[in-house]
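Visitor: All I have is the shape, not the residue letters:
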């Protein structure tokens with residue numbers, strides 16, 4: 001079964017910033033799990049499909065919150081209209097996070113925000 005995280009219809013948004021700064025969202029799994037796949041769901045509401053989805057990002061796992069291992073990295077993802085699936089070699093984790101390293105500006109105000117509707121983690 002997947003570990004799921006969601007904050008409702010419009011999902012999670014980072015703080016809006018004037019500059020393109022690193023933003024991240026993480027999930028505490030509690031007990032150790034062998035993680036093999038992460039699914040990221042972009043916004044899909046009318047007029048905002050893919051809004052706030054990072055252009056460059058990586059997925060990290062950790063057992064202690066101090067030492068992180070990058071298990072997947074994506075560059076130049078400019079158009080996102082459906083779930084993004086990252087499959088990687090099995091990794092032990094108590095924590096999983098998605099780190100946006102390059103964001104795209106919101107067309108309405110040119111401020112930067114990272115947004116995800118849902119994040120699923122699979123063993």
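Guide: It's in. In this text the structure is predicted, and so the values were computed from the model without any measurement.
Visitor: alpha carbons only for contacts and neighbour counts from here, please
Guide: Noted.
Visitor: where's stretch 16-23 relative to the chain centroid, distance-wise?
Guide: Mean-position distance between stretch 16-23 and its chain equals 15 Å (C-alpha atoms, centre = their mean, to the nearest Å).
Visitor: tell me, what residue is most central in the protein?
Guide: Of all residues in the chain, the one closest to the mean position by C-alpha atoms, centre = their mean is residue 98, 3.9 Å from it.
Visitor: what pairs with it across the strands?
Guide: Beta-bridge pairing for residue 98 (DSSP bridges): residue 25, residue 59.
Visitor: which residues sit in contact with it?
Guide: Contacts of residue 98 were listed using C-alpha atoms under 8 Å, 6 or more residues apart in numbering, and they are 24, 25, 26, 57, 58, 59, 60.
Visitor: could you check the distance from it over to residue 110?
Guide: Using C-alpha to C-alpha, to the nearest Å, we find residue 98 at a distance of 22 Å from residue 110.
Visitor: Give me the residue ranges of the protein where confidence is low.
Guide: Within the chain, the stretches with pLDDT under 70 are 1-10.
Visitor: what do you get if the cut-off is 90, keeping everything else the same?
Guide: Along the chain, the model assigns pLDDT under 90 to residues 1-20, 30, 43-51, 78-81, 104-111.
Visitor: Understood, closing this out.
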